[in-house]
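**Student:** Okay, predicted coordinates and the sequence, questions at the end:
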Amino acid sequence: MTTSDTTIAAGSAPEAESPSDGNYLNHAHGIRSWIFTLDHKRIGVMYLVSVVAALLLGGVFAMLVRTELLTPGKTIMEADTYNKMFTLHGAVMIFLFIIPSIPAALGNFVLPIMLGAKDVAFPRLNLFSYYLYVVGALLALLAIVTGGVDTGWTFYTPYSTTTSTSVIAVTLGAFVLGFSSIFTGLNFIVTIHRLRPPGMNWFRMPLFLWALYATSIIQILATPVLGITLILLILERTLGVGIFDPALGGDPVLFQHFFWFYSHPAVYIMILPAMGIVSELVSVFSHKHIFGYKFIAYSSIAIAILGFLVWGHHMFTSGQSAVANVIFSALTFSVSIPSAIKVFNWLTTMYKGSISLETPMCYALSFIFMFGIGGLTGLFLGALATDIHLHDTYFVVAHFHYTMMGGTFIAFVGGLHYWWPKITGRMYSEFWGRIACLTVFIGFNATFFAQFVMGSRGMPRRYYNYLDEYQPYHVFSTIGSYLLAVGLILTAVYLIHSLFRGRRAPANPWGGASLEWHCSSPPPHDNFAEQPTVGDCYDFSGLRYDPEIRGYVSDQGRDS
Amino acid sequence: MGHEPTSDAAMAHEHTPHLAHHFETSEQQFVAGKLGMWLFLATEILLFGGLFCAYAIYRASHPEIFQYAHRYLDKTLGGINTIVLICSSLTMAWGVHCAQRGQRRGLIACLVLTLLFACTFLGIKYVEYSHKWKDGLLPGTRFDPQYAPGEHGHGGDADETAQYGEHTSDEPAGETGAASPSASDDETPLDVGAGRSRVPPAADGPSGLAEVPWLERPKPHAEIKERPSNVHIFFGIYFSMTGLHGLHVIAGMGVIVWILIRSIKGHFGADYFTPVDLAGLYWHLVDLIWIYLFPLLYLIH
């Protein structure tokens, strides 16, 4: 197997190609070439379109929830409808958007190229994962059009086993989506283990791949437990098995244990890939080698493992024993440590770096700030004495929005901007990108910081009606949410505009050193004709900026 | 553009039709497939693990339910099924062995035998399930036992005769009060359509959660003559576990049929037998899960 003639071909050809040359987008035409594709890049694009559609749907539910909460009592809908709105907002965002967003949409596209492989290990399984996603999404839509669900996205029993709303449709949807997630994770693990080219050993991999690897481990171990929990829930509803309903001899707290055994690791499925993206962005846009590579890599694995041990912190008030509470609280504190290690390493990477504030970097900086707040407030909730007061208040709502939205979603948008030139072959407008990022940042913090305050003052979550004293906070939060929506709509507008009018992208617009920047933008169908040779993906010394193509080229033969 | 096959790897792709384009060698493809299948088996173990966990939790808190109700199960039929599945694993492994040696006829024969054993397993399961249906031993609100365990030849020891007269489908007395099994199938215990709540009267502590005090727990092997409350939970767990397992047997049979068709077409040989190997791994896991199910549900008392 020859590799010596590879790097020259991969290094010099891309700048000369234009996207009208062969790339994965024009490799084959027609709808069937998309529906039956085995190309991980096309599957990633299909996922991207689908999860953004889900984001829009979940966002509509969010806007309805926030608008209803402008006044105590009825504003635009009845209480039962409100229950359905927040349930569907949560279920759609979690199962149809956040969990698949980075791994399936960005990860599918980027992982094989970053690794130096031609595709994932099991391309047909990859396509099947996408089909499962579509089926799960359709089942969720079925639940919405047949009257919705009002149990809260957590489906606590015995209400979820006795309510007449469309619980079975949405839980079946979540079950199918779970398997989509499992097969994606399985594919990624085998790809990283077996399809690394020569020279790409574990500690030469970009940190985004470490993050996806740790995420995939959680996906395959935790998601089946959700699967069996949902099966039991469906059996309970249809056959009255009696495992969760006290009137039938069951134990409702058992449902909570089963549910959170998956759903806590699930939040690490959400955040780990996001942290992986931030590792890439911070290094590239500081033009400086990532600091503490091994610490960041190992901390991803540590988070994955520790994340399985802390589910009980969602159940401090459920009546479990004091011993269990203390143990879960202590473990919850320990899982914050690897996350903090990452934050320190990112900041150290930026120190004395040559920072350029392109849009992806703006999002990475927003992430560090907002995930910092989200993660630290998790410690408030992990402490037993404070959790007794904060449980089921808006403090919790604000905490998880800061981590999932201020964390994962912001990193997703940052990664989308970072790899947008690679995926589409176009550059978006940096001016509007930064404006939109600022708008999103201000809108987000306005929406959710107010919720920390009102939560700590006692405003419960999922409440339709509330005392007048909370109204100013709700109004402030709702106005913030409108601003947030404006920022996101703006983002969608300029990104879509770039597809038609954007400047053609060079192979390496940002000066990254990982392998995806060695192939053209967009990449050719086969990624690499031969397996490429691997260097240090955080060593930027071999790159120089070429103003003619407005991108970076390799700087061989010159001192950096 | 560099797409012509000039390297050794590209030549390998030309000569080995089964080698997918994104793998460099057959060896790489084979080990990747194996790793993928083992990871999938890990997810299956986690899936069944939830049910085993539920079993363990309920058995720990309500041993009397399990010690009473397991006698409804037919150990003989369960034992035969265990042997049937073990034999099917043998024939499956034998089939993989034939595939490795390129023995097409041996492979086909072994796959057919495996399918026959699997059908036998499902047939015996059908017999067991239909007995349960007839005897009213169904999960949840349909639980309506017609006989005590051991009577009328249904499970248990033939010479047991529990006094069953006062424990028919009438509302049982007692302060814990089981969910009434004579409810119509459409009503849940919470249905108040008739103006009367069907929730059983409150016990000391939550009805479903009250554990038998440690000193009063039944001794192992003790015969429980009176039907404990909430016995239907045993059958909920029994049908969930054996039902999910049965679904996996059916899925496995589908996979084996597909492998059989490909074997007949001559797709497999000594250089390429990966799908047979992977199907074998899956089938062995299905067998292994039953080997755990059988003693936990049928044998322990």
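**Tutor:** Right, received. Where do you want to start? Residues are numbered from 1 along each chain as shown, chains lettered A, B, ... in the order given.
**Student:** list the contacts for whatever residue of the stretch 351-500 of chain A ends up closest to chain B?
**Tutor:** As assessed by CB to the nearest CB, chain B sits closest to A:Gly425 within the stretch 351-500 of chain A, at 16.5 Å. Just so you know, the C-beta spots here come from the backbone N, C-alpha and C atoms, and that holds for glycine as well. Counting by CB atoms under 8 Å, 6 or more residues apart in numbering or on different chains, A:Gly425 touches A:Pro19, A:Asn23, A:Leu25, A:Arg504, A:Ala505, A:Ser521, A:Pro522.
**Student:** pLDDT wise, what is it at?
**Tutor:** pLDDT for A:Gly425: 95.
**Student:** ditto for B:His152
**Tutor:** So B:His152 comes in at 52 (pLDDT).
**Student:** ok, now A:Lys84?
**Tutor:** 96.
**Student:** these two touch, right, it and A:Asp150?
**Tutor:** Yes - counting by CB atoms under 8 Å, A:Asp150 is a contact partner of A:Lys84 at 4.7 Å.
**Student:** you'd agree A:Phe444 is in a helix?
**Tutor:** Yes - counting by DSSP: H, G, I helix; E, B strand; the rest coil, A:Phe444 falls inside a helix.
**Student:** can you pull the buried residues of the helix or strand where B:Ile256 lies?
**Tutor:** Element membership of B:Ile256, judged by DSSP states H and E, is helix B:232-264. Within helix B:232-264, the residues that qualify as buried are B:232-246, B:248-249, B:252-253, B:256, B:259-260, B:263, counting by 16 or more other CB atoms under 10 Å in any protein chain shown.
**Student:** Now do whichever helix or strand comes after it: which elements does it pack against?
**Tutor:** Of the helices and strands lying after helix B:232-264 in sequence (DSSP H and E), the nearest is helix B:274-294. If you count contacts as 3 or more CB pairs under 8 Å, 6 or more residues apart in numbering or on different chains; DSSP states H and E, helix B:274-294 packs onto helix B:26-61, helix B:75-100, helix B:232-264.
**Student:** In TSV, list those along with mean pLDDT and distance to chain A.
**Tutor:** Below are those laid out as TSV (pLDDT from 0 to 100; distance: least, CB to the nearest CB, whole Å):
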stretch	mean pLDDT	distance to chain A
helix B:26-61	95	4
helix B:75-100	96	20
helix B:232-264	95	3
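**Student:** so which of those gets nearest A:Gly292?
**Tutor:** Nearest to A:Gly292 among those is helix B:26-61 (29.5 Å), distances taken as CB to CB.
**Student:** and after the closest one, which helix or strand comes next?
**Tutor:** Assigned by DSSP H and E, the successor of helix B:26-61 is helix B:63-69.
**Student:** low-confidence ranges in chain A?
**Tutor:** For chain A, applying pLDDT under 70 flags the ranges A:1-20, A:530-531, A:556-560.
**Student:** where does the residue of the stretch 351-500 of chain A closest to chain B fall, phi/psi-wise?
**Tutor:** For A:Gly425, the backbone dihedrals (degrees, to the nearest 10) come out as phi 80, psi 10.
**Student:** And the one 3 residues further on, by the same measure?
**Tutor:** Comment: the main-chain dihedrals of A:Tyr428 come out as phi -90, psi 180, following degrees, to the nearest 10.
**Student:** what does B:Pro145 give?
**Tutor:** Dihedral angles for B:Pro145 - degrees, to the nearest 10 - are phi -70, psi 140.
**Student:** Same check on A:Arg544?
**Tutor:** Torsion angles, degrees, to the nearest 10, at A:Arg544: phi -140, psi 150.
**Student:** how about the closest residue to it other than its chain neighbours, what does it touch?
**Tutor:** Nearest residue to A:Arg544, sequence neighbours excluded (CB to CB, 6 or more residues apart in numbering or on different chains): A:Asp555, at 4.3 Å. A:Asp555 is in contact with A:Ser541, A:Gly542, A:Leu543, A:Arg544, counting by CB under 8 Å, 6+ apart.
**Student:** Most neighbours of all those residues, which one?
**Tutor:** A:Leu543 (20 neighbours; other CB atoms under 10 Å in any protein chain shown).
**Student:** Correct me if wrong: A:Leu55 contacts A:His89.
**Tutor:** No - applying CB under 8 Å, one finds A:Leu55 not in contact with A:His89, separated by 11.3 Å.
**Student:** Helices along the stretch 101-250 of chain B, start to end?
**Tutor:** B:104-134, B:232-264 (DSSP state H, counting those that start in this stretch).
**Student:** tell me which element A:Thr184 is part of?
**Tutor:** helix A:167-194.
**Student:** The helix holding B:Ile256 - contacts with which helices or strands?
**Tutor:** helix A:207-239, helix B:26-61, helix B:63-69, helix B:104-134, helix B:274-294.
**Student:** okay, those, which one's buried deepest?
**Tutor:** Among these, the stretch with the highest mean neighbour count (mean count of other CB atoms under 10 Å in any protein chain shown) is helix A:207-239, at a mean of 25.
**Student:** starting at the chain centroid, how far to that one?
**Tutor:** For helix A:207-239, the separation from the chain centroid amounts to 16 Å (computed by CA atoms, centre = their mean, to the nearest Å).
**Student:** How about stretch A:243-252?
**Tutor:** 35 Å.
**Student:** for stretch A:526-537, same thing?
**Tutor:** Using CA atoms, centre = their mean, the offset of stretch A:526-537 from its chain centre is 27 Å.
**Student:** Could you pull out the buried residues of that stretch?
**Tutor:** A:Asp526, A:Asn527, A:Phe528, A:Ala529, A:Glu530, A:Gln531, A:Pro532, A:Thr533, A:Val534, A:Cys537.
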